[in-house]
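In: Following is a predicted model, sequence given first.
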Amino acid sequence: MFPLNMNDKNSERSIILIVDDNQTNLDVLFELLRNYGFKVLVALDGESAIEQIDYIHPDLILLDIMMPGIDGFETCRRLKGDPSTQDIPIIFMSALSDTPDKVRGFQTGAVDYITKPFQHEEVLSRIQTHLTIRSLQKKLEEKNLELAHLNQNLERLVEQKTKQLINQEKTAIIGRLTPGNGSQPQKSLASDPN
């Protein structure tokens, strides 16, 4: 048994979409991932996968390359071209194991590549790795957004304080220049007749 923590936060709440036209592959992966606490969705081709993603935003996609209709490369290209889905990690699954096929997969936007027939431990390990990476990316994005808001608030406070200090300085200068404030302006020696 693979030592993945069944109570891991990633697996308890993560939604994984498996896209494969081979029913046996779907059944094996569905059962494996469900047993590890993932919520699992399936699609038999790229078109139906894209349609599902419009309704349910998965945390990760396991995508077969060789499918009827649009293949995995085109499906990945479309998902990565859409701002609402471009951040979803996609792991290709394929019997194509040649380097050019793998490189093409990475060039279309996949984060990883699993060669069929796959080993359960490898699938789980790769999924867990990419869910962790995505979770950390989301946290970093949230922290960056928080930091940007704090920075904006700080800039506003500095601007307000600067305006207050300028106004206080103006008031002090006007007070020193205004006659009758208790200080007399000094007479110029040039205007003294003696």
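Out: Looks like it came in fine. Numbers count the residues shown, from 1 in each chain.
In: Okay, and the residue nearest the centre of the chain sits in which element?
Out: For the chain, the residue nearest the mean C-alpha position is Lys138 (4.5 Å; CA atoms, centre = their mean). Secondary structure assignment for Lys138, by DSSP states H and E: helix 120-177.
In: can you check Glu51 too?
Out: Element membership of Glu51, judged by DSSP H and E, is helix 46-55.
In: Let me know the average pLDDT across that helix.
Out: Helix 46-55 shows a mean pLDDT of 91.
In: So for the helix holding Lys138, mean pLDDT?
Out: Helix 120-177 comes out at a mean pLDDT of 91.
In: ok, back up a step: could you measure from the residue nearest to the centre of the chain over to Gln128?
Out: 16 Å (CB to CB, to the nearest Å). C-beta here means a position set from N, CA and C on the backbone, and glycine is covered the same way.
In: buried sites along the helix holding Glu51?
Out: Using 16 or more other CB atoms under 10 Å as the test for burial, helix 46-55 gives Gly46, Glu47, Ala49, Ile50, Gln52, Ile53.
In: got it, and stretch 89-104?
Out: Result for stretch 89-104 [16+ other CB under 10 Å]: buried residues Pro89, Ile90, Ile91, Phe92, Met93, Ser94, Leu96, Asp101, Lys102, Arg104.
In: any chance of the buried residues of helix 46-55 in TSV, with distance to Glu74 too?
Out: Shown next, in TSV, are the buried residues of helix 46-55 (distance: CB to CB, whole Å):
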residue	distance to Glu74
Gly46	6
Glu47	10
Ala49	11
Ile50	10
Gln52	16
Ile53	14
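In: Could you single out the nearest of these to Leu60?
Out: Using CB to CB, Ile53 comes nearest to Leu60 of the buried residues of helix 46-55, at 11.7 Å.
In: three-state assignment of the closest residue to the closest one other than its chain neighbours?
Out: Counting by CB to CB, 6 or more residues apart in numbering, Ile53 lies nearest to Thr85, which is 5.6 Å off, once chain neighbours are set aside. Following DSSP: H, G, I helix; E, B strand; the rest coil, Thr85 is assigned to coil.
In: Report the contact partners of Thr85.
Out: Shown in contact with Thr85 (CB atoms under 8 Å, 6 or more residues apart in numbering): Ile53, His57, Leu79.
In: Could you dump these into a markdown table and include distance to Ile70?
Out: Below are the contacts of Thr85 laid out as a markdown table (distance: CB to CB, whole Å):
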| residue | distance to Ile70 |
| --- | --- |
| Ile53 | 13 |
| His57 | 20 |
| Leu79 | 11 |
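In: Pick the one among these closest to Asn35.
Out: The closest of these, once distances to Asn35 are taken by CB to CB, is His57, at 23.1 Å.
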